[in-house]
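Novice: no letters, just coordinates:
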């Protein structure tokens, strides 16, 4: 019977067996110390890297804030006063639309203005396939039940859109857009004119941080039965 011999080059036959076994299982103390030193060195490099990046991060943040401030201060009190003349004048002005959208976000009701903007864009569509694609996107985002940004519409209006969405036209959302316009004009717009966001602008004061408030109770179409629908303004 032959006996196989296994040689361990790293063994020192002069060392005690316990010490030799410990080296085989755990490695030498020098190797462990070397690994720990490498880990500590890596951690130091990471910390130094963060320290180097911090000024750049601050610069980016300051740049972003400066850009927002510049956007706010370019609006003159005279321009802001015009927005108070009518809701239509507010929406027809680029800065007015952006400021009103910012106000709606503080009330968590920005889906109304986003739906209105989407409808305005939809009516500019030319290609039939583009009309179908955009109509479906608007329906899924704003109209259908449990849509991610569902707008407050009466059942009859939603039902008409649902039945016609397979063959949409450029006027498929006219009634719904008019309803949402009325809701914003009679509800959100009146509060906007009394808000700090607007009053600071017409007084030429620096913009203060905006506070989020609970969503107000939105009016439904039934509360506007006496308001005549002016769909023609969108044509």
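Specialist: Received the coordinates, thanks. No experiment lies behind these values; they were computed from the predicted model shown.

Novice: quick one: low-confidence parts of the chain?
Specialist: 1-73, 209-235 (pLDDT under 70).

Novice: try it again at 90.
Specialist: Applying pLDDT under 90 to the chain flags the ranges 1-74, 204-235.

Novice: would you map the helices across it?
Specialist: Counting by DSSP state H, the chain has these helices, from start to end: 17-26, 29-73, 77-83, 87-92, 94-106, 111-122, 128-138, 155-164, 174-183, 189-192, 196-203.

Novice: what residues does the fifth one touch?
Specialist: Outside of helix 94-106, the residues that reach it under the criterion Cβ atoms under 8 Å, 6 or more residues apart in numbering are 71, 74-75, 79-80, 83, 89-91, 110, 112-114, 117, 188-189, 192, 195, 197-198, 201, 210-213. C-beta here means a position set from N, CA and C on the backbone, and glycine is covered the same way.

Novice: got the domain boundaries for this structure?
Specialist: For the chain, the structural domains run 14-74, 77-234, going by automatic domain parsing.

Novice: check contacts around the residue nearest to residue 118 when sequence neighbours are not counted.
Specialist: Of all residues not flanking residue 118 in the chain, residue 138 sits nearest, at 5.2 Å (Cβ to Cβ, 6 or more residues apart in numbering). By Cβ under 8 Å, 6+ apart, residue 138 lies in contact with 115, 118, 119, 122, 173.

Novice: what do you get for residue 144?
Specialist: 150, 162.

Novice: same deal with residue 173?
Specialist: When contacts are counted by Cβ under 8 Å, 6+ apart, residue 173 touches 119, 122, 135, 138, 161.

Novice: now render those residues as TSV, adding distance to residue 154.
Specialist: Listed next are those as TSV, based on distance: Cβ to Cβ, whole Å:
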residue	distance to residue 154
119	17
122	21
135	20
138	17
161	11
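
Novice: of the residues you listed, which is the nearest to residue 178?
Specialist: When the contacts of residue 173 are compared for distance to residue 178 (Cβ to Cβ), residue 119 wins out at 9.5 Å.

Novice: pretty sure that closest one contacts residue 177?
Specialist: Yes. Counting by Cβ atoms under 8 Å, a contact exists between residue 119 and residue 177, whose distance comes to 4.2 Å.

Novice: list the buried ones in stretch 143-157?
Specialist: Within stretch 143-157, the residues that count as buried by 16 or more other Cβ atoms under 10 Å are 143, 151, 153, 157.

Novice: I misspoke; the intended subject was stretch 192-210.
Specialist: For stretch 192-210, by 16+ other Cβ under 10 Å, it's 192, 195, 197, 198, 200, 201, 202, 207.

Novice: then stretch 169-188?
Specialist: For stretch 169-188, a neighbour-count test (16+ other Cβ under 10 Å) marks 170, 172-185, 187-188 as buried.

Novice: picking that back up, which one (most neighbours) among the contacts of residue 138?
Specialist: Top of the contacts of residue 138 by neighbour number is residue 173, holding 30 neighbours under the definition other Cβ atoms under 10 Å.
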